[in-house]
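Trainee: Starting from these lines, generate the structure:
(one chain, ligands or ions: 1)
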Amino acid sequence: MNQYCFGIDIGGTAVKCGLFDVKGNLLDKWEIETRTENSGVHILPDIADEIQAKILEKRLNKEEIAGIGVGVPGPVNEEGIVLCAVNLHWGVTRLEDELKDLTGFPVKVGNDANLAALGELWKGGGTGYHNVVMVTLGTGVGGGIIINGRIVSGTNGAGGEIGHIRVADDIDGICNCGNKGCLEQVASATGIVKLANDLLKNTDKPSILRESEVSAKSVFDAVKAGDMLAIEVAEKFGRYLGSTLATIACVADPEIFVIGGGVSKAGTVLIDYIEKYYREYAFNSCRDSVFALAKLGNDAGVYGAAKLILL
Ligand code: ZN
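Mentor: Sure, this is the predicted structure:
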């Protein structure tokens with residue numbers, strides 16, 4: 001009888017909403033503003049209102065709704081308790097109980113990066129696999145680990161926080177998490193820009209990167225154009241990320257690594273540099289893991305949230 005479910009991805013500025021059928025077809029998607037004032041007390045009632053309105057608009061029967069999956073930007077433990085969500089101004093939140101009380105439907109919650117991994121496994125770059133590690137290369141570095149179709153979130157909800165694996169002793173500056181030497185400091189979009197600017201400063205080698213402000217995109221565009229200095233940056237980036245994924249493989253041993261986030265728009269060239277070092281450093285049993293680009297873009301979170309209800 002259950003034919004539909006909702007996938008909700010709560011971000012700091014917008015809440016993405018999706019109506020799915022249970023086969024995973026996205027039937028409708030829309031966004032609302034995230035109202036974070038007053039410690040974010042409006043966020044869940046706003047979502048409940050949207051869901052009731054959509055059910056009326058589409059003339060659905062309540063019996064046909066399997067439930068609501070929700071992604072949040074913060075750690076979620078295995079009991080489904082949101083431990084905090086700084087961007088939403090939330091402390092410990094029993095989201096599953098609260099949203100169920102507001103809507104009458106079953107609710108499941110997960111961390112947004114973990115749900116992006118689940119979404120990519122279901123309908124994106126990891127389709128057909130059961131064990132995936134996803135890496136999201138954006139302003140920061142996010143991650144999600146799915147083993148046998150289940151999210152590994154851990155005791156503190158920190159499972160899959162790939163961006164905060166320590167990768168080096170000699171990195172300047174402090175990571176957003178307060179530690180030093182995190183993967184995020186060298187493999188995020190901002191990290192890649194920093195690698196490039198450091199290299200540009202320390203040499204007078206010619207490079208098209210000297211002609212305008214450096215971005216992660218301009219670095220990989222220059223790599224594609226054969227720019228030697230940009231290639232040096234890509235090698236450094238690839239060594240950091242490839243060796244870290246080789247370490248992760250010794251713990252999680254996934255079938256596939258899915259690479260997403262804004263930086264992944266560079267395309268397969270990005271994978272080439274990661275894979276090169278992964279193959280060099282990986283333990284022999286997991287050396288042949290597959291690499292793929294993410295396919296769902298900003299929709300990965302709503303897909304994963306919906307899938308959470310169908311697990
Ligand atoms: Zn960190």
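Trainee: List the residues that contact Ala222.
Mentor: Ala222 sits next to Ser207, Ile208, Leu209, Leu229, Ala230 when contact means Cβ atoms under 8 Å, 6 or more residues apart in numbering. (C-beta placed from N, C-alpha, C; glycine too.)
Trainee: just checking, next helix/strand downstream of the helix or strand of the chain with the lowest mean pLDDT?
Mentor: Ranked by mean pLDDT, DSSP states H and E, the weakest helix or strand in the chain is strand 150-151, scoring a mean of 93. For strand 150-151, the following helix or strand on the C-terminal side (DSSP states H and E) is helix 184-187.
Trainee: tell me what that next one is packed against?
Mentor: Judged by 3 or more Cβ pairs under 8 Å, 6 or more residues apart in numbering; DSSP states H and E, helix 184-187 is in contact with helix 189-202, helix 228-252.
Trainee: switch the cut-off to 6 Å
Mentor: Secondary-structure packing of helix 184-187 (3 or more Cβ pairs under 6 Å, 6 or more residues apart in numbering; DSSP states H and E): helix 228-252.
Trainee: and the helix it packs on, what's its mean pLDDT?
Mentor: Mean per-residue pLDDT for helix 228-252: 98.
Trainee: For it, which residues meet the burial criterion?
Mentor: 229-249, 252 (16 or more other Cβ atoms under 10 Å).
Trainee: Outside of the helix or strand just after that helix itself, list whatever touches it.
Mentor: Heading C-terminal from helix 228-252, the first helix or strand you meet, by DSSP H and E, is strand 256-260. Contact with strand 256-260 is made by 120, 125-126, 129, 132-136, 245, 290-294, as judged by Cβ atoms under 6 Å, 6 or more residues apart in numbering.
Trainee: Buried ones among those residues?
Mentor: 120, 125-126, 129, 132-136, 245, 291-294.
Trainee: so which two of the residues you listed are the farthest from each other?
Mentor: Tyr129 and Thr136 (17.3 Å; Cβ to Cβ).
Trainee: Which helix or which strand is home to the residue of the chain positioned farthest from its centre?
Mentor: Distance from the C-alpha centroid of the chain peaks at Asp204, with 36.7 Å (Cα atoms, centre = their mean). Using DSSP H and E, Asp204 is not contained in any helix or strand.
Trainee: Could you measure from it over to the ion?
Mentor: 32 Å (Cβ to the ion, to the nearest Å).
Trainee: And the pLDDT at that residue?
Mentor: Note for Asp204: predicted pLDDT of 93.
Trainee: Can you give me every residue that contacts Gly12?
Mentor: Listed by Cβ under 6 Å, 6+ apart, the contact partners of Gly12 are Asn87.
Trainee: do the one 10 residues further on as well
Mentor: Contacts for Val22 (Cβ under 6 Å, 6+ apart) come out as Leu310.
Trainee: just Val82 next, same as before
Mentor: Contact analysis of Val82 by Cβ under 6 Å, 6+ apart lists Val72, Gly74, Val76, Thr93, Leu95.
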